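Undergrad: starting from these lines, generate the structure:
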Amino acid sequence: MARFRVDDAFVTGPRFAVSGEVLDGVIHAGMVARSADGFEHTVNAVEHVHVAQNELRALAFDLPDKATLARWKEQLIRGVILDVMTRH
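TA: Modelled structure (predicted):
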């Protein structure tokens, strides 16, 4: 299992993304990200995002419906730790 700390969450084109830091392990597309408060979704891509002079990692997910997106934005705030694991 890998762990990812969220720094920011945002919509980019047809995807929802969370930028942050991989704390443990290796994360790749197809793995499932989960938070303690109920977020659970399959990672579509792991990308590098350039913000100002910093290069961040971002986990990208399919863009959900508006109600789910609003819930995700509330759940995935700075400091939240995601457990990321292979799908069983």
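Undergrad: SS state for G20?
TA: Taking DSSP: H, G, I helix; E, B strand; the rest coil as the rule, one finds G20 in the strand state.
Undergrad: please apply the same query to F10.
TA: Under three-state DSSP, F10 comes out as strand.
Undergrad: quick one, what contacts it?
TA: F16, A17, S19 (CB atoms under 8 Å, 6 or more residues apart in numbering). In this view, the C-beta of every residue, glycine as well, is placed from N, C-alpha and C.
Undergrad: ok, so of these, who is nearest P64?
TA: Checking the contacts of F10 against P64 with CB to CB, the nearest one is F16 at 6.8 Å.
Undergrad: thinking that closest one is in contact with L59, fair?
TA: No: judged on CB atoms under 8 Å, F16 makes no contact with L59 at a distance of 9.3 Å.
Undergrad: who touches the nearest residue to M85 once chain neighbours are set aside in this structure?
TA: Nearest residue to M85, sequence neighbours excluded (CB to CB, 6 or more residues apart in numbering): M1, at 4.7 Å. With contact taken as CB under 8 Å, 6+ apart, M1 is in contact with D24, G25, D83, V84, M85.
Undergrad: so M1 versus V26, what's the distance?
TA: 10 Å (CB to CB, to the nearest Å).
Undergrad: A58 now?
TA: 15 Å.
Undergrad: does anything pack onto the helix or strand containing K73? Which helices or strands?
TA: Here K73 sits within helix 66-75, counting by DSSP states H and E. Applying 3 or more CB pairs under 8 Å, 6 or more residues apart in numbering; DSSP states H and E, we find helix 66-75 packed against strand 2-12.
Undergrad: can you list the strands that the lowest-mean-pLDDT helix or strand in the chain pairs with?
TA: The helix or strand of the chain with the lowest confidence, counting by mean pLDDT, DSSP states H and E, is strand 45-51 at a mean of 80. Here strand 45-51 is paired, per DSSP bridges, with strand 54-62 (antiparallel).
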